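[1] need a structure here:
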Amino acid sequence: MSDSGRVIEFENRSSVEMEIRVFTPPDRPDKYRKIIRIEPRKTQKVLSQSLFPDSANHTYLMFFTDGVYAGRFELSQDVVGCANISCEINHDGELNIQRIKHKLPAALRILKEKLQWGRNKIYNNLRKFSTTMYFAAV
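    Numbering: from 1, shown residues only. Down below sits the predicted model:
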């Protein structure tokens, strides 16, 4: 979990209060490491390092709406790279969870590939130039 220092935004798009309870086995089922309460139509920012302190154990984020378990959970490895997690209740009363991943690492990877391509192009041109000069000097 290399992304442990990032901030995750939990967004409650519903009209009811929501809780996200952090559970790590083999703790007791009623013992939670952290409880995040989000008011209706509000956003809560949480440091992912505080959610997942132990990378050896799997951690579950359990979602509760109005104090009742919504039947949805997320695993730590699915959530750790997210920038935003938005939750809303559909017309059937089910909780929908949408995860938005960080886009910066992909952009950096593309930039690195472009820089590497440009560097290779320059090296190839220098190599051709130095070979040409070598044959001209002989």
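
[2] my guess is Ile97 contacts Gly71, does it?
    No: applying CB atoms under 8 Å, one finds Ile97 not in contact with Gly71, separated by 11.1 Å. For glycine as for every other residue, the C-beta is placed from the backbone atoms N, C-alpha and C.

[3] what residues are shared contacts of the two?
    By CB atoms under 8 Å, 6 or more residues apart in numbering, Ile97 and Gly71 have no common neighbours.

[4] Looking at these two, which is more packed in?
    Neighbour count, other CB atoms under 10 Å: between Ile97 and Gly71, Ile97 has more, with 16 against 11.

[5] Name the nearest residue to the more buried one, ignoring sequence neighbours.
    Residue nearest to Ile97 in three dimensions, not counting chain neighbours: Cys87, with 5.4 Å by CB to CB, 6 or more residues apart in numbering.

[6] do the same with Asp78
    Asp78 sits nearest to Arg99 (CB to CB, 6+ apart), 7.1 Å away.

[7] To what extent is the one you found buried, counted in neighbours?
    Neighbourhood size, Arg99 [other CB under 10 Å]: 14.

[8] Please renumber the chain so that the first residue is 164 from this point on.
    Noted, 164 is the first residue going forward, which turns the last one into Arg262.

[9] ok, now which ones touch it?
    237, 241-242, 245, 247-248.

[10] what about it, which SS state?
    Following DSSP: H, G, I helix; E, B strand; the rest coil, the label given to Arg262 is strand.

[11] avg pLDDT for the helix or strand hosting Phe226?
    If you go by DSSP states H and E, Phe226 is part of strand 223-228. For strand 223-228, mean pLDDT is 90.
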